[in-house]
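In: I need the structure of the sequence given here:
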Amino acid sequence: MMNRWLCRLVAIVWIAAASPAGAQSGAIDVEGKFEVLQPPQLTETGDRIEVVEIFSYACPHCYTFLPLMEVFEQIKPEYVEVRRLPAIFRESWVPYARAYYTSELLGVSETTHRALFEEIHERRIPTADRAALVAFFERQGVDRTEFENTWDSFAVEAMVRKSVLMQQRYGIRGTPSVIVNGKYRVTGGLAGGMDAVIAVVLALVEREHEAQQEAS
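Out: As a prediction, the model looks like this:
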């Protein structure tokens with residue numbers, strides 16, 4: 001049984017997604033709606049519960065999922081930290097991963113993340129190569145030279161390599177996917193729809209939080 005705040009958060013998320021279930025809240029049985037990672041993976045958020053969104057700018061389903069994650073980040077408990085990990089399933093996705101990590105290192109990802117999704121999926125502007133991405137970020141007010149130097153940096157290269165490694169360790173087969181605290185994998189197919197992913201994630205977050213409290 002979810003507690004009161006969790007029921008309220010789930011209702012807000014479902015309303016934001018325009019789901020028919022949006023006005024409802026109550027007990028949610030999440031069994032069978034996630035997969036357990038074997039083995040569990042180390043987290044990078046200290047004593048906070050880690051929620052990792054695996055996405056790609058090339059993925060239309062990730063763009064559909066974006067508003068849900070935006071609401072989740074606004075209403076998540078303070079003991080939760082969200083990270084993003086760009087997936088790389090094919091060579092054409094590498095520039096998008098480099099673009100995300102470049103924006104992270106430059107401290108502009110919070111303003112460019114949605115904008116790049118919209119550029120691709122709303123405006124249908126080609127952005128699949130370095131030149132197009134450099135031009136996009138320059139239109140967002142990012143200095144071209146600074147962007148290109150960061151794009152070419154060892155730090156971005158290392159992050160891209162780590163993305164490939166972690167998506168393998170997480171057992172990612174499609175996007176979007178969400179990993180909760182290095183232990184659970186949640187997808188729309190498992191949860192019963194993209195709007196239901198957040199409900200399952202919130203329930204697993206609560207499970208992890210209760211386990212932390214019991215262990216302390």
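In: which parts of the protein are helices?
Out: With DSSP state H as the criterion, the chain has helices at 4-16, 60-75, 94-106, 109-121, 130-139, 144-151, 154-169, 188-191, 194-215.
In: just the ones you listed: most buried one?
Out: Burial of the helices of the chain is given as mean neighbour count (mean count of other Cβ atoms under 10 Å); helix 94-106 ranks first at a mean of 22. Heads up, the C-betas are built off the backbone N, CA and C, glycines and all.
In: ok, and what's touching that helix?
Out: The contact list for helix 94-106 (Cβ atoms under 8 Å, 6 or more residues apart in numbering) reads 56-58, 84, 86-88, 109, 112-113, 116, 127-130, 133, 137, 142, 146-147, 150-151, 153, 155-156, 159-160, 163.
In: roughly how far does the residue nearest the centre of the chain sit from I198?
Out: For the chain, E53 is the residue whose C-alpha lies nearest the centre (Cα atoms, centre = their mean; 2.1 Å). To I198, E53 is 11 Å away according to Cβ to Cβ, to the nearest Å.
In: so what sits against both of those two?
Out: M69.
In: mean pLDDT lowest for which of the helices of the chain?
Out: Mean pLDDT per stretch puts helix 4-16 lowest among the helices of the chain, at a mean of 49.
In: thinking again about what came up before, CSV for the helices of the chain, including distance to R48?
Out: Output for the helices of the chain, formatted as CSV (distance: least, Cβ to Cβ, whole Å):
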stretch, distance to R48
helix 4-16, 17
helix 60-75, 13
helix 94-106, 18
helix 109-121, 18
helix 130-139, 29
helix 144-151, 27
helix 154-169, 18
helix 188-191, 23
helix 194-215, 10
